[in-house]
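**Student:** Sequence and computational prediction follow.
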Amino acid sequence: MRPFRFIAFAVVRAWQGFWRNAMMSLAATSTVVLMLVLLSGLLIVLAGLDSGLHYIESKVGVTARLQDSLPQPQLDTLLADIRALPGVSRADYISPDDALNRLKEFYQEQGQTLDLGGAPISLYASVEISLTDPNFAESVQSALGERPEVERITTRQVDYAKLLSIVGYVRTVGFIALALVGLTVLFMIVNMIRIAVYSRSGEIEIMRLVGASDSFIRWPFILEGILCGVIGAVVTIILVAVAWEPIKPIMVRVFQMPTAVSTDFLAVLSAVILGVGLGVGAVGSWISVRANLSSAT
Amino acid sequence: MTDTLQRPYVARPEAVDPVISMVDVGMTYPNGKVALVDVNVSIPEGDFVFLVGPSGAGKSTFIRLLIREQLPTTGRVVVAGRDLSTMRRGQVPSLRRRIGIVFQDFRLLPAKTVYENVAFALEVTGATNGEIRRRVPRLLNLVGLHEHDDHLPAQLSGGEQQRTAIARALVHDPAMLIADEPTGNLDPVTSWDLIQLLIQINAMGTTVLMATHNQEIVNAMRRRVLALEHGTLVRDESSAAYEREY
């Protein structure tokens, strides 16, 4: 078999077949678009919730504002003592310069510039303490309260477990809905290919009689299903790309998604949409071809 | 072999290897219907053979076994040196390129022209455009349709449609041509034209097996006749008539 001839034949036949039953093909493609739009929506919401969770998670902990100009040996001792406390997973010293840099970065992420008008600014040094469990916040806070180096203690605590269960719920319900739509799409593609097989039964019979191999008979139908999935995916990617501009600021501001992540997210989402569209098309048409062309002896 | 045969089949001393060989072939369908019983046939390369018998005698099953649309329940079928019972599924297409087949109802693709119908058989087996351009006109010339190559089947007479089907059956230069009632839908004059074409193809070295109910043609041609009745080969005669003459 000449591979190029085979590929060209299969692609051309798939394209002709797709448009020969245009109504059925477009109906199946529309359901692919519907499924992929739902998938995209779910993934966007989940990505936002995950970002929000990471943000909240990163903020659960205790911050100890330190006295100015603590000598290094004293600072080292304090950090060592804090790290030894039960429930402390991490303790980071944030110098006044670090704090200023963070402030500048924050402004930059919001698309603004920190303009101090040339005035000197001095922020506090602090220790940011992450906890293995938010329930340790109280004991850590009381231990810090006994230290003379610590000027003020701030605790950031939210009902993290509750948030986590909400995200889990959204994820479960979303994927169940998606699975149901996915099954509908599979059914549509299986049916589309079944109709295509029946409408070309005369051709198929002739192909068998003149000695066409199974690949020549089957692959145009499989490619027709893949074409349906890919066209659906491309349409969805265009829709998501158009919708992404208004969605992106919401992801950054409301869900605290970092700007860099939000830029990459669209590319990753497009790849997922394309992969799922292609996969659903291939699986649906493969099932149909197996069921309707299995008698090819 | 059953006792209904007046002249029991005796293998002929063949000068060449048989292109078709059936040994003790039996075929019973899953519903219990017996289609063929202990059929023994050997057809040498270049032969012209009529397969006759009433409807339901087993002619269609006989043909389906030859193109491996079905496998026999018992016995062996060997076509062009290949035992079809042991043939893998992936080898079936190459077998079918060694066998051309035409039917009573032509089975042409109505939306394709004469040229495209013939080219289709090459296209679906991976032939290049160059091969298609070289072979299709030659075949249309052979069957006398070179001036109708852009016609759709609906624009052709029955005889011309059957000639198109024959051209398509010959695209792979098959060792044998099976014609299942090829004159069934044709008037007597057109039928004789078609038979002349089959004779010409046979003269070029292609074995021809023709299933038919047309007594006039069989009687006039005086070729080898295989007669089936109730799935049994009741007659295998050279230079024979449609019905037994003794």
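**Tutor:** That came through fine. These figures come from a predicted structure and were not determined experimentally.
**Student:** Please count neighbours and contacts with C-alpha atoms only from this point.
**Tutor:** Will do.
**Student:** Outline the domain layout of chain A.
**Tutor:** A:3-55+A:161-292, A:61-157 (automatic domain parsing).
**Student:** How far off centre is the shortest one?
**Tutor:** Computed by C-alpha atoms, centre = their mean, to the nearest Å, the chain-centroid distance of domain A:61-157 equals 32 Å.
**Student:** which non-adjacent residue is nearest the residue of chain B found nearest chain A?
**Tutor:** Residue nearest to chain A within chain B: residue B:93 (3.9 Å; C-alpha to the nearest C-alpha). Sequence neighbours aside, residue A:211 is the residue nearest to residue B:93 in space, at 3.9 Å (criterion: C-alpha to C-alpha, 6 or more residues apart in numbering or on different chains).
**Student:** and that neighbour, what does it touch?
**Tutor:** Going by C-alpha atoms under 8 Å, 6 or more residues apart in numbering or on different chains, residue A:211 touches B:92-97, B:125.
**Student:** ok so, going back, wait, which of the domains of chain A is closest to residue B:85?
**Tutor:** domain A:3-55+A:161-292 (17.7 Å; C-alpha to C-alpha).
**Student:** just to confirm, which helix or strand has the residue of chain B closest to chain A in it?
**Tutor:** helix B:92-96 (DSSP states H and E).
**Student:** in that helix, what counts as buried?
**Tutor:** For helix B:92-96, burial by neighbour count (16 or more other C-alpha atoms under 10 Å in any protein chain shown) applies to B:92-93, B:95-96.
**Student:** Validate this expectation: residue B:49 resides in a helix.
**Tutor:** No: applying DSSP: H, G, I helix; E, B strand; the rest coil, one finds residue B:49 to be strand, outside a helix.
**Student:** so what's residue A:129 up against?
**Tutor:** A:61-64, A:88-92.
**Student:** Next step: the residues you listed restricted to helices.
**Tutor:** In this view, the contacts of residue A:129 have no member that belongs to helices under DSSP state H.
**Student:** which of those count as buried?
**Tutor:** A:61-64, A:88, A:90-91.
**Student:** Phi first, then psi, for residue B:106.
**Tutor:** Main-chain torsions, residue B:106, degrees, to the nearest 10: phi 70, psi -50.
**Student:** farthest pair in the contacts of residue A:129?
**Tutor:** That would be A:64 and A:89, which, of the contacts of residue A:129, are the farthest apart (C-alpha to C-alpha) at 15.1 Å.
**Student:** Mind putting the buried ones among the contacts of residue A:129 into TSV with distance to chain B and pLDDT?
**Tutor:** Listed next are those as TSV, based on distance: C-alpha to the nearest C-alpha, whole Å; pLDDT from 0 to 100:
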residue	distance to chain B	pLDDT
A:61	67	78
A:62	71	86
A:63	72	88
A:64	75	90
A:88	67	89
A:90	65	88
A:91	68	91
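**Student:** what about the most centrally placed residue in chain B, is that helix, strand or coil?
**Tutor:** Nearest to the mean C-alpha position of chain B, counting by C-alpha atoms, centre = their mean, stands residue B:178 at 0.8 Å. Judged by three-state DSSP, the three-state class of residue B:178 is strand.
**Student:** what sits against it?
**Tutor:** Here residue B:178 is in contact with B:63, B:99-102, B:208-211 (criterion: C-alpha under 8 Å, 6+ apart).
**Student:** Report pLDDT for it.
**Tutor:** pLDDT, residue B:178: 96.
**Student:** Repeat that for residue A:188.
**Tutor:** Residue A:188 is given a pLDDT of 84.
**Student:** number of nearby residues for it?
**Tutor:** 23 (other C-alpha atoms under 10 Å in any protein chain shown).
**Student:** got it, and the one 4 residues further on?
**Tutor:** Residue A:192 sits with 27 neighbouring residues when counted by other C-alpha under 10 Å.
**Student:** does it sit in a helix, a strand or a coil?
**Tutor:** Classified using three-state DSSP, residue A:192 is helix.
**Student:** How about it: what's its closest non-neighbour residue?
**Tutor:** Once flanking residues are discounted, residue A:192 sits nearest to residue A:24: 6.0 Å by C-alpha to C-alpha, 6+ apart.
**Student:** same deal with residue A:231?
**Tutor:** residue A:29 (7.0 Å).
**Student:** Please give the centre-to-centre distance between the helix or strand harbouring that neighbour and its chain.
**Tutor:** Element membership of residue A:29, judged by DSSP H and E, is helix A:22-59. From the chain centre to the centre of helix A:22-59 is a distance of 8 Å (C-alpha atoms, centre = their mean).
**Student:** what's the average pLDDT for that helix?
**Tutor:** On average, helix A:22-59 scores 83.
**Student:** and what of stretch A:269-289?
**Tutor:** Across stretch A:269-289, the average pLDDT comes to 92.
**Student:** List the buried residues in it.
**Tutor:** A:269-270, A:272-274, A:276-289.
**Student:** Need the pLDDT of the residue nearest to residue B:93.
**Tutor:** pLDDT at residue A:211 comes out at 90.
**Student:** got it, and residue B:165?
**Tutor:** At residue B:165, pLDDT is 96.
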